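>>> Sharing a sequence plus its predicted fold:
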Amino acid sequence: MKNQITLEPCAGLGNRILALVSTYKYAKETDSELTIVWKREEASYAKFQNLFKPLDGKIMVEEIVEMPLKRQPLQTLWGYLKKRKYKTGAIFLDCDKFGNEDSAHNVYRGRKYYSKATGLCCPIGHADFMCLHPSEVIDSMARDVWSRITDHTIGIHVRRTDHVLAIENSPMELFLETMDFCLKEDSEATFYVATDDQQVLSELTAKYPGKIINFSGPKSRNKEAGIQAAVIDMWSLSKCRKIYGSYGSTFSQCAALIGDVPLVVLKREEKIGSE
């Protein structure tokens, strides 16, 4: 009996993508039936179809809304009913059921499942991301900035706002030291900067005039344009020759896998250029 899997990717964009791509891979390898429940919520308010091209024709993406009832009562209730349809008769798996990359083979046992996930359910690599491509809307929005990324461009991902681990372990001085080192190694180096903190972008633009590339769209996660900008940032980083990322961020990890490029996570007490 084949698995029937309904996946609800949760949390931020990086977490959702890791959950989606790994479950997609597992479903393909095991001939499992797969449905994606893609929810618009305050932390990620964007339709799947406005971010990515359609997945394989056999895989359905069900779009729902999950917002506070006071703000969008009818859409949220309709989304709840859709989720209940998929959960009926299914074994419910919460996010903690997938604590490692081999979880899928240990958890899925030829039954009907409704799975919430925030990360990998099986190992994935660069080739597995061929199932996911930015939408035509994204391609059009990003065309100019992508044309500015060259063989000399280095990706810089500075995660701030609510990510405590990144703020504590990847302080700004590490990024500055790294960028200075990169410029000493290659005077033609430029930097694609992806950050959720406008102050960080302003500081880097002032310190490295003419060296910073960035997509200037909104960064708010509760607006679709903000999530579209995040997708552009992720794919922009993937086009760089190397990425320096923030500690504890799946965003940097996804970008490196998409582009099959080296990722160095900057962490306090570890300096670039040292033995």
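Cool, got the structure.

>>> Which SSE is immediately downstream of the worst-scoring helix or strand of the chain on mean pLDDT?
In the chain, no helix or strand scores lower on mean pLDDT, DSSP states H and E than helix 103-107, which sits at a mean of 64. Counting by DSSP states H and E, the element after helix 103-107 in chain order, helix or strand, is strand 112-117.

>>> Could you export that following strand as CSV, CA atoms only?
Presented in CSV, the C-alpha positions along strand 112-117 are these (Å, rounded to 0.1, in the frame of the first residue of the first chain):
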residue,chain,number,x,y,z
LYS,A,112,-2.6,8.1,5.1
TYR,A,113,-0.7,10.9,6.8
TYR,A,114,-1.2,14.6,7.5
SER,A,115,2.2,16.0,8.3
LYS,A,116,3.3,19.4,9.6
ALA,A,117,7.0,20.0,9.0
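
>>> and it, average pLDDT?
On average, the pLDDT along strand 112-117 is 92.

>>> Then stretch 249-267?
For stretch 249-267, the per-residue pLDDT averages 96.

>>> Give the buried residues for that stretch.
For stretch 249-267, a neighbour-count test (16 or more other Cβ atoms under 10 Å) marks 249-259, 261, 263, 265-267 as buried. From N, CA and C alone the C-beta is placed, and that goes for glycine too.

>>> Check stretch 138-155 too.
So for stretch 138-155, counting by 16+ other Cβ under 10 Å, buried means 138, 141, 142, 145, 146, 149, 153, 154, 155.

>>> With distance to residue 177 added, can I get these in a markdown table?
Converted to a markdown table, these look like this (distance: Cβ to Cβ, whole Å):
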| residue | distance to residue 177 |
| --- | --- |
| 138 | 33 |
| 141 | 33 |
| 142 | 29 |
| 145 | 26 |
| 146 | 28 |
| 149 | 23 |
| 153 | 19 |
| 154 | 14 |
| 155 | 16 |
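
>>> okay, these in a markdown table with secondary structure and distance to residue 208 next?
Shown next, in a markdown table, are those (DSSP: H, G, I helix; E, B strand; the rest coil; distance: Cβ to Cβ, whole Å):
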| residue | secondary structure | distance to residue 208 |
| --- | --- | --- |
| 138 | helix | 27 |
| 141 | helix | 24 |
| 142 | helix | 22 |
| 145 | helix | 17 |
| 146 | helix | 20 |
| 149 | coil | 16 |
| 153 | strand | 13 |
| 154 | strand | 11 |
| 155 | strand | 14 |
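
>>> Pass me the low-pLDDT residue ranges in the chain, would you?
Residue ranges of the chain with pLDDT under 70: 1, 57, 96-107, 109-110, 270-275.

>>> Would you state the strands of it in chain order?
With strands called from DSSP state E, the chain shows them at 4-9, 33-40, 60-65, 91-93, 112-117, 153-158, 190-195, 212-213, 243-246, 263-266.

>>> Noted, bye for now.
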